[in-house]
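A.B. asks: generate coordinates for the sequence data below:
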Amino acid sequence: MTDRLSRRTILGITSGAIGSGIAGCLTGNSQEDDTTGHDHTDNHSDEGDHNESQDEETHSHGHGGELDSPSAEAEVTMATTESGAHFEPHVVWIETGGRVTWINESGSHSTTAYHPDNEEPQLVPDEAAAWDSGVLSAQEATFDHTFETEGVYHYYCTPHETAGMIGSVIVGQPDLETQPALEEPPSEKAESVREKLTGLNDTIRGALDNDRSDSEQNETESHDEHDH
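C.D. replies: This is a model prediction of the structure:
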């Protein structure tokens, strides 16, 4: 099984920790929240804190930044801040067979694939495996998933989906025209979710289009140098 919880996670998912963690995940008055997060307003900021050192290590940037090239591994933090609940960075790009590790920085969060096995619309490649961390409440709890299938993957936090806590993983060099994740967002989802998915898709398409343009330009320059 490619997914695994760290020993820190195991310590963090007792019933008491989950209860206190969910309360700690609130962005406002703790009495205004329930454990589903469906009554949250969309207070997720697209201009959340930007971790430059993490960007350099994973070759990716937060939402609204630039995505470079795929790396073997990537780390994504999960946090509750004054501006809302966040995955940071929102989008990571890894090689086929690469691994993503989610780290719970604060609050209570999950990383859960949009996959029929999770009773969700399919926003992952055909034949791709599902994952679901469950709600992680312990600080620094981690969850890993290895991505064996090339493509684009969308995932969400179960308590904070409608508050905009949604992220994406690009694996390899996928064909944009064959990705379920890049199709029109599911009509049954809340408008805040559909808007977030649309923004992520724009970021992903832009990154992959730029990468292909750079590759074509480099190939042309290489041929020109050879001809001379």
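A.B. asks: what count of nearby residues applies to Leu182?
C.D. replies: Each residue near Leu182 was counted by other Cβ atoms under 10 Å, and the total is 23. In this view, the C-beta of every residue, glycine as well, is placed from N, C-alpha and C.
A.B. asks: quick check: pLDDT value at it.
C.D. replies: Leu182 carries a pLDDT value of 98.
A.B. asks: OK, contacts around it?
C.D. replies: Residues near Leu182 by Cβ atoms under 8 Å, 6 or more residues apart in numbering: 152, 176, 201, 204-205.
A.B. asks: distance of Ile204 from Ala113?
C.D. replies: Distance, Ile204 to Ala113, by Cβ to Cβ, to the nearest Å: 16 Å.
A.B. asks: what's the distance between Val100 and Asp117?
C.D. replies: Val100 is 18 Å from Asp117, where distance means Cβ to Cβ.
A.B. asks: just want to know which of those two has more residues nearby.
C.D. replies: More neighbours surround Val100 than the other of Val100 and Asp117, with 23 against 12 (other Cβ under 10 Å).
A.B. asks: quick check: the nearest residue in space to the more buried one that is not next to it in sequence vs Leu182, distance?
C.D. replies: Ranked by Cβ to Cβ, 6 or more residues apart in numbering and with sequence neighbours excluded, the top spatial neighbour of Val100 is Ala74, at 5.1 Å. Distance, Ala74 to Leu182, by Cβ to Cβ: 20 Å.
A.B. asks: paired strands for the lengthiest strand in the chain, with orientation please.
C.D. replies: Counting by DSSP state E, the longest strand found in the chain is strand 91-104. If you go by DSSP bridges, strand 91-104 pairs up with strand 71-81 (parallel), strand 142-146 (antiparallel), strand 166-171 (parallel).
A.B. asks: in that strand, what counts as buried?
C.D. replies: Within strand 91-104, the residues that count as buried by 16 or more other Cβ atoms under 10 Å are 91-95, 98, 100-104.
A.B. asks: can you tell me the average pLDDT over the helix or strand that that strand is followed by?
C.D. replies: The helix or strand immediately downstream of strand 91-104 is strand 112-113, counting by DSSP states H and E. Strand 112-113 shows a mean pLDDT of 98.
A.B. asks: contact partners of strand 112-113?
C.D. replies: Outside strand 112-113, the residues that touch it by Cβ under 8 Å, 6+ apart are 118, 120, 123-124, 128, 130-133, 153-158.
A.B. asks: same thing but at 6 Å, please
C.D. replies: The contact list for strand 112-113 (Cβ atoms under 6 Å, 6 or more residues apart in numbering) reads 118, 124, 130-132, 155-156, 158.
A.B. asks: wait, Asp144 sits on Thr101?
C.D. replies: Yes - applying Cβ atoms under 6 Å as the test, Asp144 and Thr101 come out as touching, 5.0 Å apart.
A.B. asks: which neighbours do these two have in common?
C.D. replies: Residues within reach of Asp144 and of Thr101 at once, by Cβ under 6 Å, 6+ apart: there are none.
A.B. asks: per-residue pLDDT, Asn210?
C.D. replies: For Asn210, the pLDDT comes out at 81.
A.B. asks: thinking again about what came up before, pick the most buried one from the strands paired with strand 91-104.
C.D. replies: Counting by mean count of other Cβ atoms under 10 Å, strand 166-171 has the highest mean neighbour count of these, with a mean of 24.
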